[in-house]
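**Q** need a structure here:
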Amino acid sequence: MQDSAGTDMAAAIGPCASIPADHMAFIRQVLDRVGDKWSMLIVGVLEGGPLRYTDLQRQIPGISQRMLTHTLRQLQEDGLITRTAYAEVPPRVEYALAPLGRGLHEIVMQLIGWAADHHDEIRLNRDRAGATSSRSRATAAATATATATATATAKAAATDASAKR
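**A** Just a heads-up that it's a prediction; the model follows:
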């Protein structure tokens, strides 16, 4: 597909229709980065102003040191946050939203709010799907066991018939 300027487009319709095909791989990488749960939470927490590493870790329950360090580095590489190191003893480093990250903050907060607002409904749906999946797995396991038993019985009968010849 091409637009009026002759540029190949990623899709004919939908959200990718206005995106040049040669940009899609990079856009998927960006969406993967900003859509990551830890990235969203870091962007959400930093709206209050610059924070030190340990303050970030305290405000984002469940994030490991390794994951926080990794995510901060990626967000900094993309220009979404800034890292400022102060020449003090002990050394002090602060992280803050860059202008690009501030533009993402409102969207992130809407997503976090939506997830919080629909928590109970989603949990109920997952529980229902899990119960259905459990029944399906039990049925599949019983079918597999029955098939294996039938196959073994058929092989034994064939072996027994060959032995009698």
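**Q** for the residue nearest the centre of the chain, what are its contacts?
**A** Per C-alpha atoms, centre = their mean, the C-alpha nearest to the average position across the chain is that of Asp36, at 5.0 Å. Neighbour list for Asp36: Thr71 [criterion: C-beta atoms under 8 Å, 6 or more residues apart in numbering]. Every residue, glycine included, has its C-beta placed from N, CA and C.
**Q** From Gly62, how far out is it?
**A** Between Asp36 and Gly62 the computed distance is 14 Å (C-beta to C-beta, to the nearest Å).
**Q** Could you do Gln29 as well?
**A** Using C-beta to C-beta, Gln29 is found at 25 Å from Gly62.
**Q** ditto for Leu97
**A** The gap separating Leu97 from Gly62 is 21 Å, by C-beta to C-beta.
**Q** what about these two, which has more around it?
**A** For Leu97 versus Gly62, the count of surrounding residues by other C-beta atoms under 10 Å is larger for Leu97: 23 against 8.
**Q** which residue sits closest to Glu94 in space, ignoring its chain neighbours?
**A** Pro50 (4.1 Å; C-beta to C-beta, 6 or more residues apart in numbering).
**Q** Revised request: answer the last question for Ala11.
**A** Using C-beta to C-beta, 6+ apart and skipping the chain neighbours, the partner closest in space to Ala11 is Ala17 (5.1 Å).
**Q** quick one: the helices in this structure?
**A** 24-34, 37-46, 53-59, 65-77, 99-117, 119-164 (DSSP state H).
**Q** Please identify the deepest-packed of the ones you listed.
**A** Scoring these by mean neighbour count under mean count of other C-beta atoms under 10 Å gives helix 37-46 as the most buried, with a mean of 20.
**Q** what does it rub up against?
**A** By C-beta under 8 Å, 6+ apart, helix 37-46 touches 33-34, 51, 56, 59-60, 63, 67-68, 71-72, 74-75, 80-81, 95-97, 101, 104-105, 108-109, 111-112.
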